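>>> predicted model follows, preceded by the sequence.
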Amino acid sequence: MPGMEAITIRSAAPSDLDALAALEGACFPPEQAASREALADRLRHYPNHFWLLFLDGRLVAFIDGFVTDRPDLTDDMYARAQDHNEQGAWQMLFGVNTHPDYRGRGYAGLLIRRAIADAKAQNRKGLALTCLSHMRAYYTRFGFRDEGISPASTHGGAVWHQMRLAFPENNAPDPI
Ligand SMILES: CC(C)(COP(=O)(O)OP(=O)(O)OC[C@H]1O[C@@H](n2cnc3c(N)ncnc32)[C@H](O)[C@@H]1OP(=O)(O)O)[C@@H](O)C(=O)NCCC(=O)NCCS
């Protein structure tokens, strides 16, 4: 139907590498963008923790991040895909990208909500991400809480805030 574009969301496969690398490069300055090699490594270790949004078959947005028992997102994680732990407690979100021509239509939001739903279905404790100061209000919409400036994240020479969405039912204090 004219004017109707079909949206598909799915996890990743190795064959998505070219499209992912091109989109990452279109979304971040080189010092902050994940390299093609880093993305390839992530696809080898956790293709099932990528969320890709296609519009009429064209990749226009994606998010990704590994799972770990470490609660805090630290810079070393970006390049250490092998540290992914499928049984881990926390779903990290490393990158949120929407092609510049397709922003403001809620696509990143759809992917974030899907990642939250999947992490909940997988019984994780929650999700963590780091973001620049001006993006805090955006992630708050989805239930993330600002934990302040992250001492462990300085990549790209920027100041990053850590934000976390913890599922209360999976974060009960240990019984005494
Ligand atoms: C951030 C990004 C992923 C949002 O993608 P999107 O598909 O347009 O997101 P949505 O449509 O779900 O939400 C858009 C909202 O994001 C927020 N937002 C996006 N860019 C923003 C900015 N520079 N400053 C403040 N808020 C911003 C706004 O709240 C915006 O809402 P609005 O459209 O009502 O103004 C996209 O702009 C992008 O790829 N940017 C470059 C990479 C980046 O900065 N990623 C985030 C790293 S923390």
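Noted; the coordinates are in hand.
>>> please count neighbours and contacts with C-alpha atoms only from this point.
Fine.
>>> low-confidence ranges, this structure, go.
For the chain, residues meeting the criterion pLDDT under 70 lie at 1-3.
>>> could you pick out the residues of it near the ligand for me?
Within the chain, the positions adjacent to the ligand are 27-28, 96-98, 103-109, 131-132, 134-135, 138 by CA under 6 Å from any ligand atom.
>>> show me these that map onto strands.
96-98, 131 (DSSP state E).
>>> what is the most widely separated pair among these?
Greatest spatial distance among these (CA to CA): Thr98 and Cys131, at 15.0 Å.
>>> re earlier: just the buried residues from the residues of the chain next to the ligand, in ChimeraX please.
The ChimeraX selection below is limited to those of the residues of the chain next to the ligand classed as buried (16 or more other CA atoms under 10 Å):
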select :27,96,97,98,107,108,109,131
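>>> just the residues of the chain next to the ligand: which are in helices?
Counting by DSSP state H, the residues of the chain next to the ligand place 27, 107-109, 138 in helices.
>>> quick one: which of those residues is nearest to Ala38?
For those, the nearest to Ala38 is Cys27 (15.7 Å; CA to CA).
>>> for Arg145, name its beta-bridge partners.
Arg164 (DSSP bridges).
>>> I'd say it and His161 touch.
No: applying CA atoms under 8 Å, one finds Arg145 not in contact with His161, separated by 10.1 Å.
>>> of the two, who's got more company?
Taking other CA atoms under 10 Å, Arg145 and His161 do not tie; His161 has more neighbours (23 against 17).
>>> just to revisit the earlier point, what's the farthest-apart pair in the ones in helices among the residues of the chain next to the ligand?
Across those (CA to CA), the longest gap, 17.0 Å, separates Cys27 and Tyr138.
>>> list the buried residues of the host helix or strand of Leu52.
Counting by DSSP states H and E, the element that carries Leu52 is strand 50-55. Of the residues in strand 50-55, 50-54 count as buried by neighbour count, 16+ other CA under 10 Å.
>>> same deal with stretch 33-51?
Result for stretch 33-51 [16+ other CA under 10 Å]: buried residues 33-36, 38-43, 45-51.
>>> can you give me the strands for this structure?
7-10, 50-55, 58-64, 67-68, 90-93, 95-98, 126-131, 145-149, 161-166.
>>> and the contacts of the shortest one?
With contact meaning CA atoms under 8 Å, 6 or more residues apart in numbering, strand 67-68 is reached by 83-92.
>>> quick one: buried ones out of the residues you listed?
84-86, 88-92.
>>> hmm, back to that, need the ones in strands among the residues of the chain next to the ligand in a markdown table with distance to Thr74, can you?
Shown next, in a markdown table, are those (distance: CA to CA, whole Å):
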| residue | distance to Thr74 |
| --- | --- |
| Val96 | 16 |
| Asn97 | 19 |
| Thr98 | 23 |
| Cys131 | 12 |
